[in-house]
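K.L.:
Provided below for reference: sequence and predicted model.
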Protein chains: 2
Amino acid sequence: MRSDFLRPLRSPAGSEHVSAARIAESVLATGPAATDVSAFHRAREAAQDRIYTHAERVPLTSLADWRTSPDEDAVRHRSGRFFAVEGISVRVAGAAVPAWDQPIIHQPEVGVLGMLMKDFDGIAHFLVQLKAEPGNRDGLQLSPTVQATRSNYTGVHRGKAVPYLEYFRKAPPDRVLADVRQSEQGAWFLRKHNRNIVVETGEDVEVLDGFHWLTLAQIHRLLAGDDLVNMDARTVLSCLPFAAPRLLERFAPGRGGLAAALLRSCDADEGSLHRTSQLLSWITEGRTRAQVEVESVPLSELTQWRRGPDGISHRSGRFFEVIGVRVEAAGREVGRWSQPMIAAPAPGLLALLVTRFDGVLHALMQLRVEPGLRDVAELAPTVQCTPENYTELPAEARPPFLDLVLGAGPGGGRRSVLFDTMLSDEGGRFHHVSNRHLIVETDERPEHPGYRWMTVHQLTGLLRHSHYLNVQARSLLACLHTLTASASASAS
Amino acid sequence: MRSDFLRPLRSPAGSEHVSAARIAESVLATGPAATDVSAFHRAREAAQDRIYTHAERVPLTSLADWRTSPDEDAVRHRSGRFFAVEGISVRVAGAAVPAWDQPIIHQPEVGVLGMLMKDFDGIAHFLVQLKAEPGNRDGLQLSPTVQATRSNYTGVHRGKAVPYLEYFRKAPPDRVLADVRQSEQGAWFLRKHNRNIVVETGEDVEVLDGFHWLTLAQIHRLLAGDDLVNMDARTVLSCLPFAAPRLLERFAPGRGGLAAALLRSCDADEGSLHRTSQLLSWITEGRTRAQVEVESVPLSELTQWRRGPDGISHRSGRFFEVIGVRVEAAGREVGRWSQPMIAAPAPGLLALLVTRFDGVLHALMQLRVEPGLRDVAELAPTVQCTPENYTELPAEARPPFLDLVLGAGPGGGRRSVLFDTMLSDEGGRFHHVSNRHLIVETDERPEHPGYRWMTVHQLTGLLRHSHYLNVQARSLLACLHTLTASASASAS
């Protein structure tokens, strides 16, 4: 404890604005060095032989190190470590489906997703990693600098050190650009969240095999490709500050159109349809009103699920399955292992409806209850569903806005598709699970009690705090930012 | 769903600043109509005969409507309603006390604490209620307009309507000044939180018996009196926006001293020792590092507690007791009932150390783990403890800063007492539990890894969101605001 400590006061948010502006510059960077991704594609191609995972689907009961007998309450690793698949019984008063049961992944540790940032030639770059995960459909994906479990992070378990972890464990407080715990899939994980952290460094950083420095403009180009940027990278990117004042004047003076509407939307000084205090009150109201009860039950007592030789699946064949995989990997610590994973019979749809109010882009967010969330409900995309589950249902039983976003054309009409890419869920737990990420602009402004139009600035402000935006919303927000980059590149 | 809806955009935070400024005006109001509290004291005196509760301590096993047999897992109401006293076993890795067990109150409903605001003669007034609670030591206390359970709020249970509840249930979004769920005592309540809501109205409001319109200047004067303003009122007051820009120039130009340092501290445009992003990162780090495990256990299996005829108490005689009371009440819905309550053998100390950095007042907050909190740890006052538990311990085993705040004199020295009042915990659950609220200014600036200096503006910003400040910190923040009022009144 030091006494009589004195230092000059900082201006309230000065450096935060500087960081946000530098991030905006990295998004809007132009010229081949800052935007070309061909070198990255070549490096990825070359690495596929050295760094890979081959995952073979096997019966759940054949997983050597896991307790998988149907008599067990849950599927657990024999060491007690890693994660477990448990059962829950859920009741949501007044919901369309007021009660159900399901398996869910329980992984109580808080992991760390860290992205290291450094200036090269005056442009912020981010250190990304080419990572193989057993659930990846198509090989290596771009991932954050660090994906570490809490055990790695605190050094409780010995073992190979996680590269670059020290940059996050010992970051000087004034070089931390974002640092917040955020939830993962609330339908499949029980109360899981990870620490999302972005740290700037001025040090010389050794670039290890499989790591690359990329600008945000480059990462945004890669995000437009199917299954190239992983979920962990997308969620960390979404938490970056991107709220510098007067972005439009500084980066795209006089420009109209979508990119300008998006830049205005990132700007704290521009207007919004609802004040932030009104949105906070709406969230408080929704979270207070919702009555969600989640109770642990043994897997064997799940009434709506059946245990077959291959795994655990819903009696209807819908939703998801718990399967077993045997993995052979190169470029990782352990060469062979087996584990349970989640598989989904049909791809999901995550869609964001956007529109302009007075030239400021707004996105339509829903407040969505999910059983695994820590705080009842979080903001989700306009549409978050598996469309195949609704094909036979009448329009009024389909999720709001589903038909609207699916009816959008390539552009020019009243509804135009701005972004349409398949992006995968975390490949450590999910086997070939990919969601269509769709951003649709409309000149309609539908309103619905469970939905609100919000600016990017408002969403970014909420992302300074935990548990406001679910992982699907964060993933689409990362995609939304790419629209500035592509617009600026095409105009440059 | 309406289509093609169009309305002009609001400026980002314009009206929020207007509200915050009007609240500041109500604090700084001068003149007898806005500051005199003698009429309130007379009204309270006159009401004591009409509105009262007499609580008599009785054996826990004698509570008619409660299951209190030592064989039961928990003490519950026979209807299943209200609340229960359950047992928990707690483990906090690396803490001074790494494991213990205890009884705790489980009351899963989210209650509503609502304060109605209205302008009279250009000054904001708040509708407060004189309320009798069985745990009150000294009669009626000033409480918010509404203290309602979720059942009242949603109308699930029939029964007498809660007066003024409709103002909160159906508040127009742009008249809601604060609306956020906040935790209650994390040592005594399991995951309890209440919705704190402040709503402005322009309507004519009928003033029922026991209700009064008061300015913040008046409420602040009453806060200086022992056990006069209840805990629910203090927590709602702490959530009020009070962050208008340039407060000093507008309300106290040229004034130096404490009041000016406090006004600067409320001002978003003034500096702070740490940037808010650094404080958020520090909170994220602490919440990620802490490993707290809370497990339900039957009351009969608590190893450190004994069940006597009078109630449940700790074997050491310290901490708290679960007791029974029989209540006779007038001025309430039900005339007689009995219930369990929590009693504490010794009063607690809640102390806030404040100092000025560059003329801006900062308060020293700790990040404190409590077993009943929903999110691991919240910001707590500099000191939060029961001093009597530490009298026999050596200095190094006593809580940090305890000796510093207890050694402060009445003023003039390096440590001076700015506020010193006994204020009680919620009288519906706590029997004669009162905490000394102490604010001490120092010109020392001690630093400690688990503590950070923060401005009022930063604390108020965090209070827009749930679960950052614990109820003790909120209570002291409400007290801190009174220092502006007294300074402005004495100078006027």
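P.N.:
That came through, no problem.

K.L.:
Apart from its chain neighbours, what residue comes closest to the closest residue to chain B within the stretch 1-150 of chain A?
P.N.:
The nearest approach of the stretch 1-150 of chain A to chain B comes at A:Leu9, 3.2 Å away (C-beta to the nearest C-beta). Yep, even glycine has a C-beta here, placed from its N, CA and C like the rest. Distance criterion C-beta to C-beta, 6 or more residues apart in numbering or on different chains; nearest residue to A:Leu9, sequence neighbours excluded, is B:Gly271 at 3.2 Å.

K.L.:
and what of A:Glu56?
P.N.:
Using C-beta to C-beta, 6+ apart, the closest residue to A:Glu56 is A:Arg326 (4.9 Å).

K.L.:
helix or strand for that neighbour, which one?
P.N.:
Secondary structure from DSSP states H and E places A:Arg326 in strand A:321-330.

K.L.:
The host helix or strand of A:Ser338 - contacts with which helices or strands?
P.N.:
Using DSSP H and E, A:Ser338 falls within strand A:336-343. Applying 3 or more C-beta pairs under 8 Å, 6 or more residues apart in numbering or on different chains; DSSP states H and E, one finds that strand A:336-343 makes contact with strand A:66-67, strand A:321-330, strand A:430-431.

K.L.:
strand partners of it, parallel vs antiparallel please.
P.N.:
strand A:321-330 (antiparallel), strand A:430-431 (parallel) (DSSP bridges).

K.L.:
Tell me where the stretch 1-150 of chain A has strands.
P.N.:
Using DSSP state E, counting those that start in this stretch, the strands of the stretch 1-150 of chain A run over residues A:52-58, A:66-67, A:75-77, A:84-92, A:99-106, A:111-120, A:123-131, A:141-143, A:146-148.

K.L.:
mind showing which ranges of chain A have poor pLDDT?
P.N.:
A:1-8, A:10-17, A:153-160, A:244, A:253-254, A:332-334, A:411-412, A:485-492 (pLDDT under 70).

K.L.:
And the residue nearest the centre of it?
P.N.:
A:Thr235 (3.5 Å; C-alpha atoms, centre = their mean).

K.L.:
Specify the local secondary structure of that residue.
P.N.:
Assigned by DSSP: H, G, I helix; E, B strand; the rest coil, the conformation of A:Thr235 is helix.

K.L.:
got a list of what it touches?
P.N.:
Contacts for A:Thr235 were tallied using C-beta atoms under 8 Å, 6 or more residues apart in numbering or on different chains; they are A:113, A:182, A:194, A:196, A:471, A:474-475, A:478.

K.L.:
Excluding chain neighbours, give the residue nearest to it in space.
P.N.:
A:Arg474 (4.8 Å).

K.L.:
That neighbour should be in a strand, yeah?
P.N.:
No. The assignment for A:Arg474, made by three-state DSSP, is helix rather than a strand.

K.L.:
my read: it touches A:Arg234, true?
P.N.:
Yes. With contact defined as C-beta atoms under 8 Å, A:Arg474 reaches A:Arg234; the gap is 6.8 Å.

K.L.:
Give the next helix or strand downstream of the strand holding A:Ser338.
P.N.:
strand A:348-357.

K.L.:
Now do that following strand: distance to the chain's middle.
P.N.:
On the basis of C-alpha atoms, centre = their mean, to the nearest Å, strand A:348-357 sits 16 Å off its chain's mean C-alpha point.

K.L.:
Now do the helix or strand following that strand: which elements does it pack against?
P.N.:
The first helix or strand that comes after strand A:348-357 along the chain, using DSSP H and E, is strand A:360-369. Contacts defined by 3+ C-beta pairs under 8 Å, 6+ apart place strand A:360-369 against helix A:257-265, helix A:276-289, strand A:348-357, strand A:377-380, strand A:451-455, helix A:456-462, helix A:471-491.

K.L.:
Compute the inter-axis angle for strand A:360-369 and strand A:451-455.
P.N.:
Interaxial angle of strand A:360-369 relative to strand A:451-455 (axes from the mean of the first three to the mean of the last three C-alpha atoms, to 10 degrees): 140 degrees.

K.L.:
which one is A:Ile312 nearest to, not counting chain neighbours?
P.N.:
Per C-beta to C-beta, 6+ apart, closest to A:Ile312 is A:Val322, 4.2 Å.

K.L.:
Can you tell me how far that neighbour is from B:Glu109?
P.N.:
Distance, A:Val322 to B:Glu109, using C-beta to C-beta, to the nearest Å: 35 Å.

K.L.:
More neighbours: which of those two?
P.N.:
A direct count of neighbours by other C-beta atoms under 10 Å in any protein chain shown for A:Val322 and B:Glu109 places A:Val322 higher, at 24 against 20.

K.L.:
who's in contact with that one?
P.N.:
A:Val322 neighbours (C-beta under 8 Å, 6+ apart): A:60, A:75, A:85, A:103, A:311-313, A:340-342.

K.L.:
same thing but at 6 Å, please
P.N.:
Applying C-beta atoms under 6 Å, 6 or more residues apart in numbering or on different chains to A:Val322 gives the contacts A:85, A:103, A:311-312, A:340.

K.L.:
for A:Leu349, same thing?
P.N.:
Contacts of A:Leu349 by C-beta under 6 Å, 6+ apart are A:383, A:385, A:387, A:436.

K.L.:
One more pass at 8 Å, please.
P.N.:
A:383-387, A:402, A:405-406, A:435-436, A:438.

K.L.:
can you list those residues in TSV and add secondary structure, neighbour count and distance to A:Ala217?
P.N.:
TSV is the format used below for these (DSSP: H, G, I helix; E, B strand; the rest coil; neighbours: other C-beta atoms under 10 Å in any protein chain shown; distance: C-beta to C-beta, whole Å):
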residue	secondary structure	neighbour count	distance to A:Ala217
A:Val383	strand	26	28
A:Gln384	strand	22	28
A:Cys385	strand	15	32
A:Thr386	coil	16	33
A:Pro387	helix	19	32
A:Leu402	helix	18	33
A:Val405	helix	24	27
A:Leu406	helix	16	30
A:Asn435	strand	23	24
A:Arg436	strand	16	24
A:Leu438	strand	23	22
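
K.L.:
can you redo these as TSV with distance to chain B?
P.N.:
Converted to TSV, those look like this (distance: C-beta to the nearest C-beta, whole Å):
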residue	distance to chain B
A:Val383	14
A:Gln384	18
A:Cys385	18
A:Thr386	23
A:Pro387	20
A:Leu402	13
A:Val405	14
A:Leu406	17
A:Asn435	25
A:Arg436	24
A:Leu438	20
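
K.L.:
From these, pick the one nearest A:Pro70.
P.N.:
A:Thr386 (27.0 Å; C-beta to C-beta).

K.L.:
Contacts only, for the closest one.
P.N.:
A:318-319, A:344, A:346-349.

K.L.:
and which of the residues you listed is nearest to chain B?
P.N.:
For those, the nearest to chain B is A:Leu349 (19.6 Å; C-beta to the nearest C-beta).

K.L.:
Okay, the closest one and A:Val405: tell me how far apart.
P.N.:
8 Å.

K.L.:
hang on, the earlier thing: hey, which of the helices and strands packed on strand A:336-343 is tucked in deepest?
P.N.:
strand A:430-431 (a mean of 24; mean count of other C-beta atoms under 10 Å in any protein chain shown).

K.L.:
Need the CA coordinates for stretch A:270-289. PDB is fine.
P.N.:
Taking Å, rounded to 0.1, in the frame of the first residue of the first chain, the C-alpha atoms of stretch A:270-289 are listed here in PDB:
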ATOM      1  CA  GLU A 270     -25.300  10.900 -34.200                       C
ATOM      2  CA  GLY A 271     -28.900  10.300 -33.200                       C
ATOM      3  CA  SER A 272     -30.700   7.100 -32.500                       C
ATOM      4  CA  LEU A 273     -34.400   6.100 -32.600                       C
ATOM      5  CA  HIS A 274     -34.500   5.200 -28.900                       C
ATOM      6  CA  ARG A 275     -32.300   6.700 -26.200                       C
ATOM      7  CA  THR A 276     -30.000   4.200 -24.600                       C
ATOM      8  CA  SER A 277     -31.800   4.700 -21.200                       C
ATOM      9  CA  GLN A 278     -35.000   3.600 -22.900                       C
ATOM     10  CA  LEU A 279     -33.300   0.500 -24.300                       C
ATOM     11  CA  LEU A 280     -31.900  -0.400 -20.900                       C
ATOM     12  CA  SER A 281     -35.300   0.000 -19.300                       C
ATOM     13  CA  TRP A 282     -36.800  -2.200 -22.000                       C
ATOM     14  CA  ILE A 283     -34.200  -4.900 -21.300                       C
ATOM     15  CA  THR A 284     -34.800  -4.600 -17.500                       C
ATOM     16  CA  GLU A 285     -38.500  -4.900 -18.100                       C
ATOM     17  CA  GLY A 286     -38.100  -8.000 -20.300                       C
ATOM     18  CA  ARG A 287     -35.600  -9.700 -17.900                       C
ATOM     19  CA  THR A 288     -37.900  -9.000 -14.900                       C
ATOM     20  CA  ARG A 289     -41.000 -10.200 -16.700                       C
END
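
K.L.:
Many thanks, have a good one.
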